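Peer 1: Task: produce atomic coordinates for the following.
(4 chains)
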2 protein chains.
Amino acid sequence: MLLRKVNVVDGALALLDAEGLDGLTMRKLGAALNVQAGALYRHFPSKEALLDAMAEKLVEGIAEPMPEGSWDQQLTVLADRFRTALLAHRDGARLFAGTFVPEPNTNAAGAAAVAVLCAAGMPVDRAGWITYAAMYYVLGHTIEEQAQLRLHEQGDDWQTRQANAPHDDPLFAQALGSVITADPAERFAYGLALIIDGVREQLRRGGTARGA
Amino acid sequence: MLLRKVNVVDGALALLDAEGLDGLTMRKLGAALNVQAGALYRHFPSKEALLDAMAEKLVEGIAEPMPEGSWDQQLTVLADRFRTALLAHRDGARLFAGTFVPEPNTNAAGAAAVAVLCAAGMPVDRAGWITYAAMYYVLGHTIEEQAQLRLHEQGDDWQTRQANAPHDDPLFAQALGSVITADPAERFAYGLALIIDGVREQLRRGGTARGA
DNA sequence: ACCTGAACACCGTTCAAGT
DNA sequence: ACCTGAACACCGTTCAAGT
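Peer 2: I've put the predicted structure just below:
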């Protein structure tokens, strides 16, 4: 059976779940698809191009259907969908972060956020800045969320190691403990609300920067 | 001359500037230090441990001296120092993001932020959440800032490629253009201000979550 | 057009043996 | 204690040759 581009991407995503991003090699992928590693280069010019296609598939359909509600509700839904899409595959956030090249699906997600912000009264250029700022937050949070998931599955608990380490700063130890033990979804929502509250403040000021 | 741990880390950071994170190999590092690659394992148990030590050195002294001023000014200075530290070496942000294991210097930076937020009246647990949210933002912004720096140095301009690509969404095209052409420092400050405004709003509400 | 088989130029890591 | 030399078990990528 002849291999298609889409089969390679699907197989790669399955292998990603099984082996993780570091264990995803062209040779293993070839074996999983009953093909030599070299044959994959008929479909993708490089491993990087394949990773791009995987990342693109990951965020497919994030902007559809366009969420209802006020701008802040819409933005929250878009961010939640982004996080959920990244969580759907092992190391999804790291995969996406390593390859954010502008491709249709990635653009569609960003375009949706920009549209929401502009409709709310934000100037286009600020809407772009805010969209990327929010994206950085979602990516960073989700990368660490998945990293902790991995540690949890292994015996090696970063959590207990950190908790048992001698802290000369008990305040920070407590803060860190709260970060580690919190429900990731709740902590995610809290940080996102900070940014959204900041945007609301900008709208109140008429979209100009602080102090301007 | 016998090699010390500190010589290995310094050599590795110099090699990082010369070759980038992907070009940083144990073999090249050995050659740069006039030593076989295997000899490096007398000083670090693995490449990962070396990368951890490099990341740790990168953020050395971020919290000292403790910045003066109001809590928001202090937080801004800490974030600026963090960004500056990451920018000091090629791929510094990616290096740090790949290895954030709790080590003394990394903890000191986080502890400083938590202390500032607590002094401002924030509960400890929220201070932790906010500190990490801000860290995700700084990391994400700086990773992309350095990625764009690299593209700029090469001929391959993501910027022009993106600008020339046919956009079915002119609004997003304009927003993206503004993200790409903006002064990175200004865009960084803007996004950070969003988060800080969000924190101010939290303080006004008494530190409870939105809707609570 | 798609794939095999085999190679090329690398990796990180280990380890007996030297000094 | 630190380092060499050499190996082990891998990588991504290329390419003549097959079908």
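Peer 1: Check which residues of the lengthiest helix in chain A are buried.
Peer 2: Using DSSP state H, we find that the single longest helix of chain A is helix A:124-153. For helix A:124-153, the neighbour count (16 or more other C-beta atoms under 10 Å in any protein chain shown) marks A:124-148 as buried. Bear in mind the C-beta positions are built from the backbone N, C-alpha and C, glycine included.
Peer 1: Now do that helix and helix B:124-153, the angle between them.
Peer 2: Per axes from the mean of the first three to the mean of the last three C-alpha atoms, to 10 degrees, the angle that helix A:124-153 makes with helix B:124-153 is 110 degrees.
Peer 1: Could you name the helices and strands sitting against helix A:124-153?
Peer 2: The contact analysis (3 or more C-beta pairs under 8 Å, 6 or more residues apart in numbering or on different chains; DSSP states H and E) places helix A:124-153 against helix A:71-87, helix A:92-97, helix A:104-119, helix A:158-164, helix A:184-204, helix B:124-153, helix B:170-181, helix B:184-204.
Peer 1: chain center to that helix, what's the gap?
Peer 2: 5 Å (C-alpha atoms, centre = their mean, to the nearest Å).
Peer 1: tell me the angle it makes with helix B:170-181.
Peer 2: Going by the same axes, to 10 degrees, helix A:124-153 makes 80 degrees with helix B:170-181.
Peer 1: Averaged pLDDT, helix A:124-153. What do you get?
Peer 2: Helix A:124-153 carries an average pLDDT of 94.
Peer 1: That helix vs helix A:184-204, what angle?
Peer 2: Between helix A:124-153 and helix A:184-204, the angle comes out at 170 degrees (the same axes, to 10 degrees).
Peer 1: Mean pLDDT lowest where, among the helices and strands packed on helix A:124-153?
Peer 2: Of all those, mean pLDDT reaches its minimum on helix A:158-164 (a mean of 56).
Peer 1: what's the neighbour count on the residue of chain A found nearest DNA strand D?
Peer 2: Here chain A gets closest to DNA strand D at one residue, A:Gly38, 2.6 Å apart by C-beta to the nearest atom of the strand. The number of residues packed near A:Gly38 is 10, by other C-beta atoms under 10 Å in any protein chain shown.
Peer 1: leaving aside the residues next to it on the chain, what's closest to it?
Peer 2: Distances taken as C-beta to C-beta, 6 or more residues apart in numbering or on different chains put A:Gly30 closest to A:Gly38, at 7.7 Å, once the chain neighbours are dropped.
Peer 1: now for the strand or helix carrying that neighbour, which elements pack on it?
Peer 2: Here A:Gly30 sits within helix A:26-32, counting by DSSP states H and E. When contacts are defined as 3+ C-beta pairs under 8 Å, 6+ apart, helix A:26-32 packs onto helix A:5-19.
Peer 1: quick one: the helix it packs on near DNA strand C?
Peer 2: No: counting by C-beta under 7 Å from any atom of the strand, DNA strand C is not contacted by helix A:5-19; separation bottoms out at 8.5 Å.
Peer 1: Could I get the buried residue list for that helix?
Peer 2: A:8-9, A:11-13, A:15-16, A:19.
Peer 1: so of the helices and strands packed on helix A:124-153, which one's packed in deepest?
Peer 2: Among the helices and strands packed on helix A:124-153, ranked by average contacts under mean count of other C-beta atoms under 10 Å in any protein chain shown, first place goes to helix A:92-97 (a mean of 24).
Peer 1: Mind listing residues that contact it?
Peer 2: When contacts are defined by C-beta atoms under 8 Å, 6 or more residues apart in numbering or on different chains, helix A:92-97 is touched by residues A:16, A:21, A:51, A:54-55, A:58-59, A:85-87, A:89, A:139, A:142-143, A:145-146, B:97, B:140, B:143.
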